Structures are given as C-alpha cells and as structure tokens.
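Undergrad: Coordinates for the following, if possible.
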Amino acid sequence: MIEGAALANILGFDIGGANTKAASIRTHNLQVVELKTGMEYFPIWKRGKAELPALLKKFAEQLASHGSINAIGVTMTAELSDAYQTKREGVNHILDSVVQCFPSTPIHVLNVEAEMIPVEEARKHYLTVASANWAATGWMVSRLISNCIVVDTGSTSTSIIPIVEGRIAAEGKTDLEKLANGELVYTGALRTNIAAIVGHVPLRGCMVRVSSELFAQSGDVHLLLGNISEEDYNVDTADGRGKSKAEAMARLARVVCADIEMLSQEEIMEIARFIYERQVDQIAEGLMQVYSRIQPRVNGKLPVAITGIGGKFLGGKAAERVSIKDIIDLSERLGANAAAITPCVGVALMTAEKIEGKIHWKRL
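TA: Residues are numbered from 1 along each chain as shown. A predicted model of the protein is given here:
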C-alpha cells in the first residue's frame, strides 16, 4: 500500500469493442489532484485484436507522461465483440494485452461485484469481469447519491443502474441477465442500426417499413436533430462517408430504400424525429422496469442520474417520458470530462482506493 502522503499515479482503462477509453489520476494526501482522460474509436473487429497493446501504450504515453504508473485498473466490454469466439477468449486476450504492455505494474480488474481483483483471479472467473464496466459507474455514483437510478447512455448501449442506500442494487450481473430485467437496453447515441429502433416510419401519410440493412445509424438521427455535433460523431458511418448533415440525410433516406432525390428534406427530418421518439421509448421502457422494482425499497424521492454521450437527450428524455421530474445531470456533479467516460474514471478511482485507502474527490 502506498502511504497517503505520497504521490500516486493511477491509469484506468475501459476497453470496449468500438471505443476504448483511458483515465489517468494523480493523488496526493488521499486527494485527487489531477485527472486526464482520453478516448479513441477502435473497432477491434476491424482494426484487429493484435493492435490493442499498441493502443494501450499510446494512452499511457499521452496521459501518464508525468512519471511512473503505480497501478492500473481495467474494465472491458470488448470481449463481446465477434473478434473473439467466446467471452473466455476475449477476456484472456484483453488481459494478455494489458500485461504485455505493463509487465511490472500491479494490475487490478473490475468484476460485477464492484471489486478490483488480480489478473489471475479474473482469468479464473472470466464471466465476472466480462462487461462489468457498469459496476464502476454504479460505484462512483453511489459515493455521491444515496438513492437513484443511473441512466448511462453511451454510443452503443444504455446501462440502467439502481443505487439504494449508497449501494449498487442491480439485479442482473451478466449482460444476458440485464437484458432480461431492463438494466441493459441495447440502444445508444451513435452506433445503433435504425432497424433496431423502428420497423416502420411515417412517410406521406402512411407507415413505411424500413430495410434491415445497415444503411444509417442513430448518430445520423442525432446529428440531423442537433443533439450531437460532427465532432461528437466519432465512430464510422454506415456508408463510410462523411458526417455532414447532407450525408446523414442521404443515409437516412436509404433506410426506406429511397434517396435524397426521391425524398424532401422535411420528409427526412420527419423520419428522424419519429426514430428519436421511438429510441427514447426504448430507454423509457427499461427505466420503468427498473424503477418500478426499486421504488418500493426507497423512502422518499428516487431521482434519475444521467450520464454518457446521450445522457441529456436520451436518458433525460426517457426519465421525463415516464414522468420522473427529479433528474440529476452527473456532468454537473462530476465535471464534463469524468461524466463523458464514467466507467473509466470510476475504475481508476477504485484502483487508487485499492492501493491507498479511501480517496477524497468531488468534482473532477
């Protein structure tokens, strides 16, 4: 254990199938004195799993250049990627990559019980560390808010995490269990196929079926509606073209097997607005499933705490849709940098506490 008066440098990784994030924190006297964050679009199924170690090294060079790294915390969702045949293979390859990059640095891995465990234990109980990043978000928020439902809407999916009396109260542990009980909704702000949100869209007075081809994704809808900027749209587009509104319109027109010469701009915008409403409904359904289960256990208010790239325009709107008015924007509590990649910052803080004792932090 590092003495509280010493400086400690901790690096946290959230290794996803599409986006990988890193957070570097420095602590002094058990206080966080510096936070640096980074994110890179890294579709592991396209770039190749052999390239993962180089990405991790790059993050370390960018974020932890001020000195040696005392410990590393790891969480992951990339094991679900079809770059791997099984979760066992994915977890082990990801851990191999981290160990390869940092062979002499203590490495701690997050499990679904919000515990930081050694690499060998993580290998043995690989299903408990697979897609456990939601537990870091839950742990972090539980330190700030005693009772709430966290809605973390990322680029690909939405985690709904109940907090009761300062503890994570999730019913599901695996993605499969969470999909069943409403704690995971596989819809996100950027990468969701439109056909996974709607089966029909309104056009010229009737409901038109959509193609199930990956012609457009949720990022196109939110770009057109002003919910995100071109800079926010940091993943590949469905057609490999650019991220202008004109290009997004062309992709959305293709969803009904049309094009921008066949549909007017207003018709395409009407389609975008309809898809947005249905995506909010998807999250609202999961939120209500969790909220109705947790509310009887809480005396008094049960606010919804929103975070992630889609926190405000998807998570917040979903809460409003089910008549929840007490909404907490975690970017105001944590700071914008930390709220943008909550699991990654959370796992760095958990690692710091593992080696130092309780760390004091507020807005990061």
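Undergrad: And the helices in the stretch 101-250 of the chain?
TA: Remark: helices assigned in the stretch 101-250 of the chain by DSSP state H, counting those that start in this stretch are 119-124, 133-142, 175-181, 218-224, 245-254.
Undergrad: and T351, which of those helices is closest to it?
TA: Minimum separation from T351 across the helices of the stretch 101-250 of the chain (Cβ to Cβ) falls at helix 133-142, 9.9 Å. C-betas here are computed from N, CA, C, even on glycine.
Undergrad: Run through who's touching that closest one.
TA: When contacts are defined by Cβ atoms under 8 Å, 6 or more residues apart in numbering, helix 133-142 is touched by residues 14, 16, 75-77, 110-114, 148, 150, 152, 159, 161, 163, 166-168, 170, 178, 183-184, 305, 307, 330, 334, 342-347, 349-350.
Undergrad: Drop anything exposed from those.
TA: With burial judged by 16 or more other Cβ atoms under 10 Å, the buried subset of the contacts of helix 133-142 is 14, 16, 75-77, 110-112, 114, 148, 150, 152, 159, 161, 163, 168, 170, 178, 183-184, 305, 307, 330, 334, 342-347, 349-350.
Undergrad: quick one, phi/psi of the most centrally placed residue in the chain?
TA: Most central in the chain under Cα atoms, centre = their mean is G154, positioned 4.0 Å from the mean C-alpha point. Backbone torsions of G154, given as degrees, to the nearest 10, read phi -100, psi -160.
Undergrad: how close does it sit to T342?
TA: 9 Å (Cβ to Cβ, to the nearest Å).
Undergrad: hey, what's in contact with both of these two?
TA: A shared contact of G154 and T342, defined by Cβ under 8 Å, 6+ apart, is any residue touching both; here these are G308.
Undergrad: Who are the packing partners of the helix or strand bottoming out on mean pLDDT in the chain?
TA: Scoring the helices and strands of the chain by mean pLDDT, DSSP states H and E places helix 336-340 at the bottom, with a mean of 88. When contacts are defined as 3 or more Cβ pairs under 8 Å, 6 or more residues apart in numbering; DSSP states H and E, helix 336-340 packs onto strand 31-41, helix 330-334.
Undergrad: mind redoing it with 10 Å?
TA: Here helix 336-340 touches strand 19-28, strand 31-41, helix 133-142, strand 304-307, helix 330-334, helix 342-356, going by 3 or more Cβ pairs under 10 Å, 6 or more residues apart in numbering; DSSP states H and E.
Undergrad: which residues of this protein score low on pLDDT?
TA: The chain contains residues with pLDDT under 70 at 1-6, 65-66, 363-364.
Undergrad: Give me the residues contacting the least confident helix or strand of the chain.
TA: Residues lying outside helix 336-340 but in contact with it, judged by Cβ atoms under 10 Å, 6 or more residues apart in numbering, are 21, 23, 25, 32, 35-37, 39, 137, 140, 152, 154, 305-309, 311, 329-334, 344-346, 348-349, 361, 363-364.
Undergrad: gap between it and the chain center?
TA: Relative to its chain's centre, helix 336-340 lies at 11 Å (Cα atoms, centre = their mean, to the nearest Å).
Undergrad: List the buried residues of it.
TA: Neighbour-count burial for helix 336-340, counted by 16+ other Cβ under 10 Å, picks out 338-340.
Undergrad: Please apply the same query to stretch 186-198.
TA: Applying 16+ other Cβ under 10 Å to stretch 186-198 flags 187-195, 197-198 as buried.
Undergrad: and that stretch, how far out from the chain's middle?
TA: Relative to its chain's centre, stretch 186-198 lies at 14 Å (Cα atoms, centre = their mean).
Undergrad: repeat for stretch 189-199
TA: Stretch 189-199 sits 17 Å away from the centroid of its parent chain (Cα atoms, centre = their mean).
Undergrad: got it, and stretch 340-353?
TA: Here stretch 340-353 shows a centroid-to-chain-centroid distance of 13 Å under the convention Cα atoms, centre = their mean.
Undergrad: Please apply the same query to stretch 200-220.
TA: With Cα atoms, centre = their mean as the basis, stretch 200-220 stands 26 Å off its chain's centre.
Undergrad: and the gap between I149 and A64?
TA: Using Cβ to Cβ, one obtains 34 Å as the distance from I149 to A64.
Undergrad: if you count what's nearby, which of the two comes out ahead?
TA: Taking other Cβ atoms under 10 Å, I149 and A64 do not tie; I149 has more neighbours (27 against 20).
Undergrad: contacting residues for that one?
TA: With contacts defined as Cβ under 10 Å, 6+ apart, the neighbours of I149 are 141, 160-164, 169, 183, 287, 290-291, 294-295, 298, 302-306, 315, 319, 324.
Undergrad: Now with 8 Å, please.
TA: 160-163, 287, 290-291, 294, 302-305.
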